[in-house]
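Colleague: this one's sequence-less:
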């Protein structure tokens, strides 16, 4: 079992979650789980130490922000067996990589409340503190590697649409995979792929969304949904909505459809950009994204460049 909450603690959380923010007495918990009230109290203390926001009251216990819980039982039944939740990991990407190699199924999800050494594109540090939504999606499509880029574009496109629909916002995509809100970074995406012969073995897409955390402490040009909406947001609602829409989106991935749809959502085309690759730096005007997902820019030296991979900054 890769989800780390032990059985009794998990059952307590399930009861508190199903109470939808109402207080549950120690007697009720004790009777339902057939253990003593002292044992209940010890498990509740353990849950608090793990970081769960369980509050003790004279009449019992209740779970604050219950609709923000990310444990498997909180999700639609079709996803429950695919959700693998951890309080802390070095990175969800590394955990997903090991699970993918062990044979875990398509559309599995690795979630961490905290990542101790989260990373972004070009091996930059990604600060991922409590309150954000940090997860890696494990995909096992039967495709050649040359088509893998479609899943990255589909993920950023789907996520931008989901957030806009849920919160009536105007989130834009930035090439290659970031999401911007009011010109500030809301979400980062990072993908890794393993091949076997001439086919993809798995694609892991790591996604970090600033939800209820405060990213400005580490990255002044970042924003969270809580900043934008001035209220606490349900991460579970975002993730579940994304999984439903993304699963439908990837049933028929076609570059002739995905790329044009992505371009309708992008803030990059028409912007002045600086592109950093592993060995080069380009500056100029972003003209287009072609059918292969490459960015076409007109450099400040008036040359047309096709950039397949790099980090993009709007200037």
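Modeller: Yep, that arrived. Source: prediction; values computed, not measured.
Colleague: can you count the residues close to the residue nearest to residue 315 when sequence neighbours are not counted?
Modeller: Counting by Cβ to Cβ, 6 or more residues apart in numbering, the nearest residue to residue 315 once its immediate chain neighbours are dropped is residue 272, at 4.7 Å. (Glycine included, C-beta is placed from N, CA and C.) Residue 272 has 13 neighbours, counted by other Cβ atoms under 10 Å.
Colleague: who does residue 272 bridge with?
Modeller: On the basis of DSSP bridges, residue 272 is bridged to residue 285.
Colleague: quick one, what contacts it?
Modeller: Counting by Cβ atoms under 8 Å, 6 or more residues apart in numbering, residue 272 makes contact with 283-286, 314-315.
Colleague: one more: residue 226?
Modeller: Contact partners of residue 226, counting by Cβ under 8 Å, 6+ apart, are 131, 211-213, 232-233.
Colleague: nearest to residue 251, of these?
Modeller: Closest approach to residue 251 among the contacts of residue 226 (Cβ to Cβ): residue 211, at 27.3 Å.
Colleague: doesn't the closest one fall inside a helix?
Modeller: No - assignment of residue 211 by DSSP: H, G, I helix; E, B strand; the rest coil gives coil, placing it outside any helix.
Colleague: residue 262: neighbour count?
Modeller: If you count neighbours by other Cβ under 10 Å, residue 262 ends up with 21.
Colleague: would you agree it is in contact with residue 153?
Modeller: Yes - using Cβ atoms under 8 Å, residue 262 makes contact with residue 153 at a distance of 4.9 Å.
Colleague: determine the longest helix present in this structure.
Modeller: What stands out as the longest helix in the chain, according to DSSP state H, is helix 149-167.
Colleague: which among the contacts of residue 226 end up buried?
Modeller: 131, 211-213, 233 (16 or more other Cβ atoms under 10 Å).
Colleague: and the pLDDT at the residue nearest to residue 315?
Modeller: On pLDDT, residue 272 comes in at 97.
Colleague: tell me the contacts of residue 53?
Modeller: Neighbours of residue 53 in contact, by Cβ under 8 Å, 6+ apart: 63-65.
Colleague: try it again at 6 Å.
Modeller: Residue 53 makes contacts with 64-65, as judged by Cβ atoms under 6 Å, 6 or more residues apart in numbering.
Colleague: okay, it: pLDDT?
Modeller: 93.
Colleague: same thing with the one 3 residues further on?
Modeller: In this prediction, residue 56 carries a pLDDT score of 93.
Colleague: need the three-state assignment for it.
Modeller: Assigned with three-state DSSP, residue 56 falls in the strand class.
Colleague: setting aside sequence neighbours, what's the nearest residue to it?
Modeller: Distances taken as Cβ to Cβ, 6+ apart place residue 44 nearest to residue 56, at 6.8 Å, with adjacent residues excluded.
Colleague: re earlier: nearest to residue 165 among the buried ones among the contacts of residue 226?
Modeller: Nearest to residue 165, judged by Cβ to Cβ, of the buried ones among the contacts of residue 226 is residue 233 at 13.7 Å.
Colleague: SS state for that closest one?
Modeller: When classified by three-state DSSP, residue 233 comes out as coil.
Colleague: let me see the contact set for it.
Modeller: Taking Cβ under 6 Å, 6+ apart, one finds 211-212, 225-226 in contact with residue 233.
Colleague: can you tell me how far the residue nearest to residue 56 is from residue 33?
Modeller: Look at residue 44 and residue 33: by Cβ to Cβ, to the nearest Å, they are 12 Å apart.
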